[in-house]
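**Student:** okay, sequence plus prediction incoming.
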Amino acid sequence: MNARTLAIMRKEFLHIIRDPRTLVLIFLIPIIQMMLLGYAATTDIDNVALAVLDGDHSFESRALIRAYQSSGYFQVTRYVDSEDQMARLLDAGLVRAALVSPASYGHSLLAGQPVEVGFVIDGSDPTVANSVLAAALQIGQAHASLQRRGQSLVGGLEVRPTVWYNPGLESVNYMIPALMGLILQFLATLVTSMAVVREREYGTLEQLIVTPIRPAELVLGKTIPYVLVAFFDLFEVLLIGTLWFRVPIHGSVGLLLALSGLFLLGSLGIGILISTVTRSQQEAMLMSFLILMPSIFLSGFFFPLEAMPPLLRMLSYLIPLRYMLLIIRSIVLKGIGVTALQTEVLFLGIFCALILILAAWRFRKSLD
């Protein structure tokens, strides 16, 4: 290594040190990655939300419910009176599974007769569904071997699991819909933030400012092309997912596109906001990844939300991609309408409105 190489190395180190904003991002990103992966990258699931349809209301049926509740794996969050109520809870994602005991459960057990207990599982997330399936069978078998009132609850007790929405538990049916939301957010946020910063970096933004173009017109002119590109990519993903990977779309494609447009507005707002606080394309890219990384790990894209610590689960409510993934997977896999998605659509709409207002204010202030 000669003196000229050392001089160039010294020059580059000086560039890095004299750019504190980029320096902070470079050292902050690995810390965030380690913290997120260390706590969020787990598939150890507990406290799975469970609905109960108790058709017997006997001592024996309540003992079975307590067995699932006390296992630590399931948390009984709802009691329902009909299969329709149970289906609505599963459709809305408010519970992951449902325990169904027949009306003759207690009498059949005491009489030594065979009795089947239904266990309905939301199969839209294969990782969670496989764990729930194994736990449901294990707890049922353990409970069947207990002695109560001097009698064995014999082998007449049999848990019959049923998987809804994704009976084959195929991971492709879970991941392909999620990729739609992820591609939309990454493309809209990253490309939009760099497009606006590029004008500032090349010195052409000042030239645009002195023209009669209004700030709103400038924002629209810069973002609408990327809206169209993002929707084109969405169609690509839909076609590839349905034709190549054979992922069936059970819901309304029109509703999916409309809610994707709402989510896209929020992602564009994030991109514009990033462009107002960065000075170069490199800095915009690093800032985008700093914001987008939590979206990947805290939205339920890779790892189940139920497996995360309570603090990270709370933080996930601030991630718009969380709601979009629930919306896409519910429409594609469950075929449900907007009525069952009211909460997710409301939170997504609030986020989009707030981020667009903040981005417009920051953009106008940066122009001034």
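**Tutor:** Received it, and whenever you're ready, just let me know what you need. Everything numeric in this text was worked out from a predicted model, so none of it was measured.
**Student:** wait, F301 touches L325, no?
**Tutor:** Yes. In this structure F301 lies within contact range of L325 using C-beta atoms under 8 Å: 6.3 Å. (C-beta placed from N, C-alpha, C; glycine too.)
**Student:** who's more crowded, these two?
**Tutor:** L325 (25 against 18; other C-beta atoms under 10 Å).
**Student:** check which helix or strand covers the more buried one.
**Tutor:** Using DSSP states H and E, L325 maps to helix 320-329.
**Student:** between F301 and L325, which contacts overlap?
**Tutor:** A178 (C-beta atoms under 8 Å, 6 or more residues apart in numbering).
**Student:** and the nearest residue to V253 once chain neighbours are set aside, how many neighbours?
**Tutor:** The shortest distance from V253 to any non-neighbouring residue, by C-beta to C-beta, 6 or more residues apart in numbering, is to L238 (7.6 Å). Residues near L238, counting by other C-beta under 10 Å, number 20.
**Student:** check A3 too.
**Tutor:** Counted with other C-beta under 10 Å, A3 comes out at 7.
**Student:** could you check how far it is from L14?
**Tutor:** Note on A3: its distance to L14, by C-beta to C-beta, to the nearest Å, is 16 Å.
**Student:** rewinding a little: hang on, isn't the residue nearest to V253 packed against M180?
**Tutor:** Yes. Look at L238 against M180 with C-beta under 8 Å: they come within range, at 7.0 Å.
**Student:** burial measure for A142, as a count.
**Tutor:** 11.
**Student:** so which helix or strand takes in it?
**Tutor:** Counting by DSSP H and E, A142 is found in helix 126-144.
**Student:** got the end-to-end distance for stretch 75-84?
**Tutor:** 21 Å (C-alpha to C-alpha, to the nearest Å).
**Student:** this protein: strands as residue ranges?
**Tutor:** 48-54, 74-79, 97-101, 115-122, 147-148, 151-152, 157-164 (DSSP state E).
**Student:** ok, E116 - contacts?
**Tutor:** 102, 158-160.
**Student:** and if we set it to 7 Å?
**Tutor:** When contacts are counted by C-beta atoms under 7 Å, 6 or more residues apart in numbering, E116 touches 158, 160.
**Student:** beta-bridge partners for it, please?
**Tutor:** E158 (DSSP bridges).
**Student:** I'd like the numbering to begin with 533 instead of 1 from here.
**Tutor:** Right, with 533 as the first residue, what we last looked at is E648.
**Student:** returning to that earlier point: roughly how far does the residue nearest to V785 sit from L788?
**Tutor:** 8 Å.
**Student:** and what of V864?
**Tutor:** Distance from V864 to L788, by C-beta to C-beta: 7 Å.
**Student:** ditto for F606
**Tutor:** Taking C-beta to C-beta, one finds F606 at 32 Å from L788.
**Student:** next, count neighbours for R692.
**Tutor:** Neighbours of R692 using other C-beta under 10 Å come to 13.
**Student:** OK, contacts around A581?
**Tutor:** So A581 contacts 607, 609, 626-628 (C-beta under 7 Å, 6+ apart).
**Student:** would you map the helices across the stretch 783-900 of the chain?
**Tutor:** Assigned by DSSP state H, counting those that start in this stretch, the helices in the stretch 783-900 of the chain fall at 785-809, 813-830, 842-848, 852-861, 874-899.
**Student:** check these for me and report the most buried one.
**Tutor:** helix 852-861 (a mean of 25; mean count of other C-beta atoms under 10 Å).
**Student:** contact partners of that helix?
**Tutor:** 625, 656, 706, 709-710, 712-713, 717, 788, 791, 795, 798, 827, 830-833, 848, 873, 876, 879-880, 883.
**Student:** mind redoing it with 8 Å?
**Tutor:** So helix 852-861 is contacted by 625, 656-657, 706, 709-710, 712-714, 716-717, 788, 791-792, 795, 798-799, 827-828, 830-833, 837, 848, 873, 876-877, 879-880, 883-884 (C-beta under 8 Å, 6+ apart).
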